[in-house]
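Enquirer: Next one to model:
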Amino acid sequence: MKKRLLSVVAALVTALSLLTACGGGAASTASTGETASTASTAAENTGDKIVMKISHVSSPGSARDLACQKLAEVVEEMTDGQVECQIYPSSQLGGQRDQVEGAQFGTIECVVVPTSYLGGTVPMLTLLDTPYLLPEDPEQLFELYQSDAIKALLDTTQEKGILTLGLWQTGYKQWSANKPLLDPSEMNGLKIRVMNSPILFKQAEVLGATGITMDFGETYGALQNKAIDGQENPIDTIYDMKFHEVQTDITITNHSGLDQVVMFNKAWYDGLPANVQEAINEGVKQGARVCLDETLALIEKDTQLILDTGKTQIHELTDEQKAAWREALVPVQEFARSSQGAEGEKIYDDIVAARKEITGEV
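Expert: Here you go, the predicted model:
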């Protein structure tokens with residue numbers, strides 16, 4: 001009897017050992033949830049690929065898309081294929097608000113979106129929407145984006161679970177409408193599409209216009225149907241989205257930049273092996289240069305393509321007209337500086353100081 005009992009106990013011990021070896025531990029891990037760090041370490045140790053989805057709303061071949069391609073190329077090369085980058089252009093993973101939420105909650109590893117779409121998540125970043133805050137020279141702006149003042153601004157996204165590793169410049173914004181806007185008073189009464197930024201709504205208000213927010217993909221139809229009268233974007237974006245087909249005039253005001261924040265889910269990034277983090281940082285840096293160079297080339301090309309249609313006029317401002325625009329938008333600068341409390345005022349002032357140092361302003 002005793003001998004039979006010992007045999008049963010031995011059999012039970014063996015069965016439990018086999019169960020643990022064949023997946024009992026895995027079931028326990030699944031029930032408690034695997035952290036990003038654990039997942040990345042597993043990928044490093046087993047050779048499994050780490051997937052990095054990169055999402056943006058622009059079309060394939062745009063400056064933004066080419067910069068994303070450079071980011072992907074650098075990451076895949078520097079990690080010897082350990083990371084697989086998947087680029088989703090043209091809002092394939094949702095509109096810009098959806099993409100911001102994707103980065104915040106981890107459904108998308110990397111998103112490239114305008115600062116204006118952080119208004120509901122990290123309002124501090126909308127300081128970059130301030131008219132005439134940034135240098136008008138693209139290379140000086142590129143230098144400003146590497147400054148400590150900008151880094152302090154970008155770091156404010158971390159408390160929302162988002163790590164912002166860079167700013168990519170995609171051109172200076174111009175106004176389009178069905179009339180020239182040579183003087184700011186000509187904005188009065190217009191309905192204009194604005195991104196969801198309190199500073200951009202204030203800009204519309206100061207100009208006597210009505211700011212209407214809508215998803216980027218809906219803007220062409222709204223212009224075509226005259227639900228809105230105008231919008232603001234760089235020349236290459238205007239051409240890319242075919243807004244020139246439904247607007248008769250573009251006025252070159254260069255009143256602010258269209259800045260793209262390159263954001264990552266922080267928990268995902270923090271859990272990556274050091275070599276992958278290094279590759280991503282380098283990819284973002286090289287992507288910034290590609291984005292600027294391609295933007296400048298596209299603006300030159302697309303300006304001529306728009307003019308070649310013979311349907312849309314492009315208006316350059318005189319020095320006197322530029323001064324009038326700057327003066328009209330001073331109240332927006334004052335609003336922006338005080339819009340985010342004491343921390344926002346410091347960041348704003350530091351950006352202005354960095355700009356002056358770079359440009360040589362008095």
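
Enquirer: Give me the buried positions along stretch 81-89.
Expert: Within stretch 81-89, the residues that qualify as buried by neighbour count (16 or more other Cβ atoms under 10 Å) are 82-83, 85, 87-89. Quick note: C-beta positions are derived from backbone N, CA and C, even for glycine.

Enquirer: Which pair in those residues has the greatest spatial separation?
Expert: 82 and 89 (23.8 Å; Cβ to Cβ).

Enquirer: The helix or strand containing residue 299 packs against which elements?
Expert: Assigning secondary structure by DSSP states H and E places residue 299 in helix 274-309. Here helix 274-309 touches helix 63-78, helix 138-144, strand 162-172, helix 235-240, strand 257-265, strand 313-316, going by 3 or more Cβ pairs under 8 Å, 6 or more residues apart in numbering; DSSP states H and E.

Enquirer: picking up where we left off before, strands - which of the buried residues of stretch 81-89 land there?
Expert: Secondary structure assignment by DSSP state E places 83, 85, 87-88 of these in strands.

Enquirer: JSON lines for the residues you listed, including pLDDT and distance to residue 98?
Expert: JSON lines is the format used below for these (pLDDT from 0 to 100; distance: Cβ to Cβ, whole Å):
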{"residue": "83", "pLDDT": "98", "distance to residue 98": "23"}
{"residue": "85", "pLDDT": "98", "distance to residue 98": "20"}
{"residue": "87", "pLDDT": "98", "distance to residue 98": "16"}
{"residue": "88", "pLDDT": "98", "distance to residue 98": "11"}
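
Enquirer: how close does residue 317 sit to residue 250?
Expert: Going from residue 317 to residue 250 by Cβ to Cβ, to the nearest Å gives 12 Å.

Enquirer: Tell me the one of the ones in strands among the buried residues of stretch 81-89 nearest residue 178?
Expert: Each of those was scored against residue 178 by Cβ to Cβ, and residue 88 proved nearest at 33.8 Å.

Enquirer: The nearest residue to residue 242 once chain neighbours are set aside: how many residues sit nearby?
Expert: The shortest distance from residue 242 to any non-neighbouring residue, by Cβ to Cβ, 6 or more residues apart in numbering, is to residue 220 (6.2 Å). Under the neighbour criterion other Cβ atoms under 10 Å, residue 220 is assigned a count of 16.

Enquirer: wouldn't residue 106 be in contact with residue 265 here?
Expert: Yes: contact criterion Cβ atoms under 8 Å: residue 106 and residue 265 qualify, at 4.4 Å.

Enquirer: any idea which helix or strand of the protein has the worst average confidence?
Expert: helix 25-32 (a mean of 30; mean pLDDT, DSSP states H and E).

Enquirer: hmm, back to that, looking at the helices and strands packed on helix 274-309, which has the lowest confidence?
Expert: Among these, helix 235-240 carries the lowest mean pLDDT, a mean of 91.

Enquirer: quick one: contacts of that one?
Expert: Helix 235-240 is contacted from outside by 58-59, 62-63, 170-171, 174, 176, 244, 247, 250, 258, 295, 298-299, 302-303, 305-306, 314, using Cβ atoms under 8 Å, 6 or more residues apart in numbering.

Enquirer: Past it, which element shows up next along the chain?
Expert: The C-terminal neighbour of helix 235-240 among helices and strands, as given by DSSP H and E, is strand 249-252.

Enquirer: What pairs with that following strand, parallel or antiparallel?
Expert: Within its sheet, and counting by DSSP bridges, strand 249-252 is paired with strand 174-177 (antiparallel), strand 313-316 (parallel).

Enquirer: Residues contacting the last one, please?
Expert: Going back to what we said before, that points to strand 313-316. Here strand 313-316 has contacts from 180-182, 235, 248-252, 303, 306-307, using Cβ under 8 Å, 6+ apart.

Enquirer: Please pick the buried ones from the residues you listed.
Expert: 180-182, 235, 249-252, 303, 306.

Enquirer: Just the closest of those to residue 50, please.
Expert: Distance to residue 50 across the buried ones among the contacts of strand 313-316 (Cβ to Cβ) is lowest for residue 235, with 37.4 Å.
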